[in-house]
Each structure stands twice: as structure tokens, then as C-alpha cells.
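> Generate coordinates for the sequence data below:
(chains A and B)
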2 protein chains.
Amino acid sequence: MLNWEDIFATRSSRMRASEIRELLKLLDRPDIISFAGGIPDPALFPSDAFRNAYAEIFVGDQAGAALQYSVSEGFLPLRQWLVGEMATIGIACTTDNIFITSGSQQALDYLGKLFLSPGDTALVGWPTYLGALQAFNAYEPNYDQLTLSGNRTPDSYQAAAEKAGGAVKFAYLSADFANPTGETVDRAARERLLALGDELNIAVIEDAAYQSLRYDGEAVPPILALEIAQKGSIEATRTLYCGSFSKTLAPGLRVGFVVGAAPVIRKLVLMKQAADLHSSTINQMVVAHVATRHFPAQIAKIRAAYGARRDAMLAALASYMPADTSWTRPQGGMFVWVTLPEGMDGAELLARSVETEKVAFVPGQAFFADRSNANTLRLSFSCANEQMIDEGIKRLGRLIAGSVKALAA
Amino acid sequence: MLNWEDIFATRSSRMRASEIRELLKLLDRPDIISFAGGIPDPALFPSDAFRNAYAEIFVGDQAGAALQYSVSEGFLPLRQWLVGEMATIGIACTTDNIFITSGSQQALDYLGKLFLSPGDTALVGWPTYLGALQAFNAYEPNYDQLTLSGNRTPDSYQAAAEKAGGAVKFAYLSADFANPTGETVDRAARERLLALGDELNIAVIEDAAYQSLRYDGEAVPPILALEIAQKGSIEATRTLYCGSFSKTLAPGLRVGFVVGAAPVIRKLVLMKQAADLHSSTINQMVVAHVATRHFPAQIAKIRAAYGARRDAMLAALASYMPADTSWTRPQGGMFVWVTLPEGMDGAELLARSVETEKVAFVPGQAFFADRSNANTLRLSFSCANEQMIDEGIKRLGRLIAGSVKALAA
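The predicted structure follows:
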């Protein structure tokens, strides 16, 4: 895409999102209460289970295989475990429907590469996961706003995509406790999405990174489960379910997966063979080892811990936020999404918040494909304890209340 | 790139190479003497060192960091170790010049993604590494034959690229003990390549996967080292040195690296952030641990073992091959390249060889961008002991001698 000299002359527009990330890295200072990073709490990693799993691989005759090249589709026992796990959430499949990736971020990159040509349209939420936009941006798509309220017709999406010089290729969304809003798409809206997928004849990318992290309320079936129920078999579906062990076990091993119709899985396997051969053999074996023995207990542990932090954050927001702000009430995940009064700017608030209140968060603007909605912010409750959450939201509420008054004056 | 229905209707032309790989997988049978796989011998992996490294990570307070997300450019102590290692081969650089990838295959994919638009031209050897063609194919380039004998002018490359609808974007080659030929590019030809790079103003991709595996003869400086010597600083160079731990330590951790001018490295880091965030944190820590303590001893061990196998293969070829075949005499690496009499077909020979002689290899055709030169084959000596090498080459020589007679009759 680039000539040699371009590298030295141009700056990619993609750098903006990464600049925000760089800014946020600076905020990992001990004197700052951070609600910024959307990362799991390392204190909750099943470290003992991982230690034992790595140790056991070097006992007996597995070590050679663990350190050797392996197949692009992924470690078979891990895919077999996933077949059983998927069955518990309504996704009937075989190992031919499962492909192991280096984290679910890689799944998004590969699906972008598979479907998008420059000028094609991807339907995404407004806001949506920043990392998805970064992954898709490499393939130069246009974005259109995915709305499931029924006020956009399939024709209107198609016409807009044609006008933009391409075709609609897929709809992407995180249906459970989405990053950044924490919101969950209800069953009726999931079914409308499937109908839209059928009418447009496009893929549906279901980002399930947070799906296991439900703290209360009733689980909604995954979009892929609903489609299998409708159509009778995973082979008749168009939904690609992107899963991750990063939020449940640990992200540092880089193991995620895609579940979908076998012909798409085969394309992704070929793509991976050309792109990085396969994900780390030993890490896939270790994840299989830990998941097989400890997954339900680990899920129970993190649900309890993160659920308590979610409760603390919602209680603190109710106590300390001024009247004209609103926020989501997530049933799971790691995030609460705050809407400030019109005219306030999250990025500007962040600069002041770090300076005077020592509290960090992510300005919401980063999560909109068109960089709109400056008056929003994302708060993560995953890495702060209840006391820090109360103190941090108290300070943030004070700062916002002062800003609201200044705006009114 | 694809519509939903295309996935079910079309077959990618890229499947051919992977079909060969699938065929070769079937050949990993205990009754077959295989010279096919270009993979390291697992018996030579430093398994004890790896076991200790994983165990030590879980002692003390590193475990949380090892299992957590980390930076896209790679684990700093590993990059620091590489700075020292590069200095020993004439590559003066800092950690800003080093980027960790998930194997050097990922480096090839990212460099293809960075430089190639559909219709652009990549200059590659004839033959060249099949995996490089697979990585670049995703970006739909044309290939032109990189010759360093001086009988192609820069203008002729440029004119051919324009005729093909794009521009020349880079030259790719493995300069030491190349896969598949085992041959090494001499210093004068490396300097001609650098001059060609300057004249065309393109990147030079130096695949150094086998560079540490020299069994005799004198080391030739890496292309990047020669360019730094010419231009005074790595920041003035156009060579991107792609290194790997897969052939020296073990491939299953998926850790490789790129060394080059900092502006290119920064582009690759942004690309990785969007594509898979980072390579496995714990595996990078483990490779740093093992490399720091055991790299020279490990290199000495594998040089001795593979060197003896190379000797055995060259001796067996001299003993058993009919007069009208020829082969390379590699000073390192894992491969010998055999040229059969004109008119013979390596793929057809493979089918008969597996059937009657129980010997496997890779037909050479797979390594030519235009699928020419059917009368060639690649033999790997990395995974067979000296006795198996003698027996396998004896059988293969018998089969080829018979075929030569049949061809003459």
C-alpha cells in the first residue's frame, strides 16, 4: 500500500486511536485512580493453574510437540473442549466449525481481510469497539451506523454503500456488555439483525469477548445460537462468533477463536497459514489444560469480583454524579458509559481530571467511527477495588458538577 | 475481498500450495523416510531450558505481567538482548529498531501488507520460499524474477512492473542457505542487490531464518550489515532483516523479529496493534530467558547435529544419484536442491516414490512463482538421522535412475 518514501513522509490517520492509547499508557501511574484500561485484573488470573499446566507439558513426552510447529486450524483438544462449551450456550457444532486465533483481535483482522475491499461498507455500532475499527481500517472500508430499532431499511444500507463506492459486507457488534457501553442487545433486536443479514446477504460478526461475564439478569442466547435454531444447522448460518480467553483466563497467551460455518472456517485457516502459520502451540495446549480443569470455577470467581465492582461503580455514580449526566446499567462486562450534558468534551475533561483530580477514563469520542459524541466517556471498573471506585467517582462527580455549572454560567 | 456467497462458490488459487502441504502432512507416517518437512528436529529443542524458564516466571511477582496484555512492539528485555546479538553480526541498532512478531512468517505478512497494493510487483528468487509467496499472495502482487547476476537493469524491472499495472515495491530474498535451494548469496551479489534497491528506491526484505545455521565456510555479512556499513546508520537503510527463533530455539512459541529503520518499525507496530495487539507476553519472556542464558550453546549443539546430517546427505547423493542429476552443496541450513534431467516431473516422482520406495520430499515446482521447473526437488536433512539419510537417498537414487532410463528408452 505504501512506497518506501511514504513511510517517512506521511502519518496514517489510524495513528489517532493509537495516540489515545499512548496517552492512556501514561496514566498507569500509582497516583492516578484509573477507570481507563479495559483490561482484566491480573490478581484474578488463575496463575496456579497456568503454572501447573506449563509444568505438566514438560513432564512426559509432550514437550517436543508443544515446542514444534502445529496445524493452522488450532490444537484439536482445545477445539474439542470448545465444542462442548459452545453446546452449553446453544451453539451445536463440530471441530470443523472452530478455528483458533491469536486473540479475538486477530479474528477481527482476518474477517476484515476476508470480506473488505477498499470502499466496501461495514455496519458497526455507534459507538463500537475501538479495536474493531482499528482492525477493519487496514482494509479501507466505509462505516455505516448499524441500528436495530428498525428505522433503516436494507435498501437504505445498500444505497448508501453503493454511493460510497462498494457493497455492504458485514455487520459487526458485541451483543453482550459491549465495549464501550456495557449494554446488551435483546433477543428481538438480535433477531432483527439476523433478518437484516439475510436481506443484505452479508456476514454477521458477533464479538463475544465479554459474554461469560454476566453478573445478573437472564442470559440472551448468542446470535449464532439463534441463527442455528432458525436454520437448523451451523452450516446454514452467516454469523461468525468471535470468542476470547483474554477476559476469562488471561490475555497474555493470545488465544481466541472463531465459530462458524465450515467453508468460512476453512478460508480463515488458509489465511492464517499464509499470515503466521498457527497460534503458539504450547499456549494452546496450556489453555486447553486450564479450561478443561478450571473454567467453571474461574468464571464464578471473576463474576463475583467484577460484579461487586460494577455494583460499587453504579452506587457511586448514583451518589456523586450531577443531575444532568446519565449512564448505562450493565448486567456484565467491564464498562459503564456516561453521557455528559451537550457541549461538554470528554477529552478536555480527561486532561483536567488527570491534572486536578488524578482520575483517568477514556473519552467516548474514540469509539465513534466519525469521532462524534464528544460529550461521552467510558469508565472501566475491572481493575479498581470498591474503595478506589467510590473515591474516584466522587472526585469525577465533583469535577463534572463544576464543569456543568461553568457551562451554565 | 469476498462476498458472502463467494466463499461457498469459489476456490482460491492459493489453495494449491496448501494442498501440497496437506499432501505432505499425510506423509508423516512412520513407514516413510521423509525429506519433506522443512522443520527443526524436536529432539534438538532446549526443552530443559524452556521448562525452567516457564517455571521461573511463576516464581516471584512476574506471573501477573506474563499473563497480561503487553505492548505491540514487544518485550523490552528481549529487544535489548537482540540489540546485543545484532551487534555481533555487524548490525548496530537500538531497541527502537527492533519489533517482535509472531514468527518471521508474520513479518512477511506485515511487510506484504505495508508495501503491496494489487498489481504491484515483488521481486523474488526463482525459486523462493513458498511461505513468502503465500504471505505476499494475500495482497495480490505480480512477481518478477530477482536476478543478481547483473543481466537485468533497474529500468527493465520498472518497465515490467508498470506493464503489470503497478510499481516495484520490494525485493525479497533469503541470503543464507535459502529455503529451498540451500544456497548462499555472496557478498558481491548482496552489494548489487543494495545498489538495485537504491536505484529502484524500494525496500529490501532479508529473510534470515537460517542465518545462524552455518556448518562450514566463512560467514557473509547480513545485507543489513553491509548497508549500515555503506550508509553509516541503520536509520539510512532500506533493508528489513527478518529473524526467527524457530530454527534456533523452537517454533512452537511463535516468536520472530524484524530489524530496520525506526520509521518502518513504528509502522509495523501500529499494524500489529490493529491486527493482533501483541505476540504472546509469556512466550516473549521465556524466549528472552532462554536466549540470554543458552543461545551460544544451543547454536553450537544444532550446528553439530545438522552439519553431520548435511554431510551424510551430500555423501549419499554422491554415492547413489545417477550421472545426469545435480544438486547444491549448502554450507548451512536444512536443504539440498536437486535438479533432475529435463522432462522429469518432481510431483509425479513423489507419487511413485511414496508408493514404491517409501521416501518423501517436496516437488520443486511449488517454490516457483510461475510453477515452472517441474524437474526439481527439495530434500530436507533436518529430521532424519545419518542412517535414514543413507537408506532414503539410496532408494531415491534407485528410483530416479530407473526413471532416467525409462525417459531415455
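> what about the helices in the stretch 1-150 of chain A?
A:4-9, A:15-26, A:47-57, A:63-67, A:76-87, A:103-115, A:130-137 (DSSP state H, counting those that start in this stretch).
> Could you say which of these is packed most deeply?
A comparison of the helices of the stretch 1-150 of chain A by mean neighbour count, using mean count of other CB atoms under 10 Å in any protein chain shown, puts helix A:103-115 on top with a mean of 27. Yep, even glycine has a C-beta here, placed from its N, CA and C like the rest.
> quick one on the thing from earlier: would you reformat the helices of the stretch 1-150 of chain A as TSV and include mean pLDDT and distance to residue B:249?
Converted to TSV, the helices of the stretch 1-150 of chain A look like this (pLDDT from 0 to 100; distance: least, CB to CB, whole Å):
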stretch	mean pLDDT	distance to residue B:249
helix A:4-9	52	31
helix A:15-26	52	30
helix A:47-57	97	16
helix A:63-67	95	8
helix A:76-87	98	23
helix A:103-115	97	23
helix A:130-137	94	30
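> Tell me which of those sits nearest to residue B:65.
The closest of the helices of the stretch 1-150 of chain A to residue B:65 is helix A:47-57. By CB to CB, the value is 11.0 Å.
> and the closest one, anywhere near chain B?
Yes: for helix A:47-57, a contact with chain B is found by CB under 8 Å from any CB of the partner chain, at A:47, A:50, A:51, A:54, A:55.
> Pretty sure the fourth one sits against residue A:286.
Translated: residue A:54. Yes: assessed by CB atoms under 8 Å, residue A:54 is found in contact with residue A:286 at 5.8 Å.
> How about the residues of the stretch 201-350 of chain A by chain B?
Near chain B, when you scan the stretch 201-350 of chain A using CB under 8 Å from any CB, you find A:201-203, A:238, A:246, A:250-254, A:263-264, A:267, A:270-271, A:273-283.
> Direction-wise, compare the longest helix along chain A with helix B:281-320 and give the angle.
In chain A, ranked by residue count with DSSP state H as the criterion, the top helix is helix A:281-320. Interaxial angle, helix A:281-320 versus helix B:281-320 (axes from the mean of the first three to the mean of the last three CA atoms, to 10 degrees): 160 degrees.
> and helix A:281-320 with helix A:76-87, angle?
40 degrees.
> for the stretch 251-400 of chain A, what spans make up the helices?
A:262-275, A:281-320, A:346-352, A:386-408.
> buried stuff in the third one?
Meaning helix A:346-352. By neighbour count on 16 or more other CB atoms under 10 Å in any protein chain shown, the buried set for helix A:346-352 is A:346, A:349, A:350.
> neighbours of residue A:88, just the number please.
8 (other CB atoms under 10 Å in any protein chain shown).
> is chain B contacted by stretch A:147-158?
No: using CB under 8 Å from any CB, stretch A:147-158 never reaches chain B; the gap is at least 12.9 Å.
> Identify the residues contacting residue A:105.
Contact analysis of residue A:105 by CB atoms under 8 Å, 6 or more residues apart in numbering or on different chains lists A:131, A:135, A:256, B:275, B:276, B:277.
> okay, now the fourth one: neighbour count?
Yep, that's residue B:275 we're talking about. Based on other CB under 10 Å, the number of other residues close to residue B:275 is 28.
> just the fifth one next, same as before
By the other CB under 10 Å criterion, the neighbourhood of residue B:276 contains 29 residues.
> contacting residues around it?
A:101, A:102, A:103, A:105, A:106, A:109, A:254, B:102.
> one more time with 6 Å, if that's ok
A:102, A:103, A:105, A:106 (CB atoms under 6 Å, 6 or more residues apart in numbering or on different chains).
> rewinding a little: now for the residues of helix A:47-57 next to chain B: which two are most distant?
A:47 and A:55 (12.4 Å).
> re the thing from before, in TSV: the helices of the stretch 1-150 of chain A, plus distance to residue A:224.
As requested, those are exported to TSV (distance: least, CB to CB, whole Å):
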stretch	distance to residue A:224
helix A:4-9	40
helix A:15-26	28
helix A:47-57	28
helix A:63-67	31
helix A:76-87	9
helix A:103-115	13
helix A:130-137	17
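> Would you mind giving the contacts of residue A:105 as a markdown table with distance to residue A:157 added?
A markdown table is the format used below for these (distance: CB to CB, whole Å):
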| residue | distance to residue A:157 |
| --- | --- |
| A:131 | 23 |
| A:135 | 21 |
| A:256 | 28 |
| B:275 | 27 |
| B:276 | 29 |
| B:277 | 30 |
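> now, which of the residues you listed sits nearest residue A:174?
The closest of those, once distances to residue A:174 are taken by CB to CB, is residue A:131, at 10.5 Å.
> tally of neighbours for whichever residue of the stretch 301-409 of chain A sits closest to chain B?
The stretch 301-409 of chain A approaches chain B most closely through residue A:383 (10.4 Å), counting by CB to the nearest CB. If you count neighbours by other CB under 10 Å, residue A:383 ends up with 21.
> dump the residue contacts of the closest residue in space to residue A:289 that isn't next to it in sequence.
Once flanking residues are discounted, residue A:289 sits nearest to residue A:53: 3.9 Å by CB to CB, 6 or more residues apart in numbering or on different chains. Applying CB under 6 Å, 6+ apart to residue A:53 gives the contacts A:286, A:289, A:290.
> let's see it at 10 Å
A:46, A:282-283, A:285-294, B:54 (CB atoms under 10 Å, 6 or more residues apart in numbering or on different chains).
> Roughly how far does it sit from residue B:38?
For residue A:53, the distance to residue B:38 (CB to CB, to the nearest Å) stands at 30 Å.
> got it, and residue A:106?
Counting by CB to CB, the gap between residue A:106 and residue B:38 amounts to 25 Å.
> Likewise for residue A:277?
12 Å.
> go on, residue A:381?
Distance from residue A:381 to residue B:38, by CB to CB: 49 Å.
> And the residue lying closest to residue A:325 once chain neighbours are set aside, what's its pLDDT?
For residue A:325, ignoring the flanking residues on the chain, the nearest one in space by CB to CB, 6+ apart is residue A:340 at 5.6 Å. pLDDT, residue A:340: 95.
> Equivalent analysis for the one 5 residues further on, please.
pLDDT, the model's per-residue confidence, is 92 for residue A:345.
> do the one 10 residues further on as well
At residue A:355 the predicted local confidence, pLDDT, stands at 89.
> residues contacting it?
residue A:399.
> so what sits against both of residue A:54 and residue A:286?
Common neighbours of residue A:54 and residue A:286 (CB under 10 Å, 6+ apart) are A:66, B:54, B:282.
> any idea how far residue A:380 lies from residue A:393?
On the measure of CB to CB, residue A:380 and residue A:393 end up 12 Å apart.
> Looking at these two, which has the bigger crowd around it?
Applying other CB under 10 Å to residue A:380 and residue A:393 shows that residue A:393 carries more neighbours, namely 28 against 24.
> now the more buried one, nearest residue through space, not along the chain?
Nearest to residue A:393 is residue A:316, by CB to CB, 6+ apart, at 3.6 Å.
> doesn't residue A:338 make contact with that neighbour?
No: checked against CB atoms under 10 Å, the pair residue A:316 and residue A:338 is beyond contact range at 11.8 Å.
> anything in contact with each of the two?
A:379, A:393, A:396.
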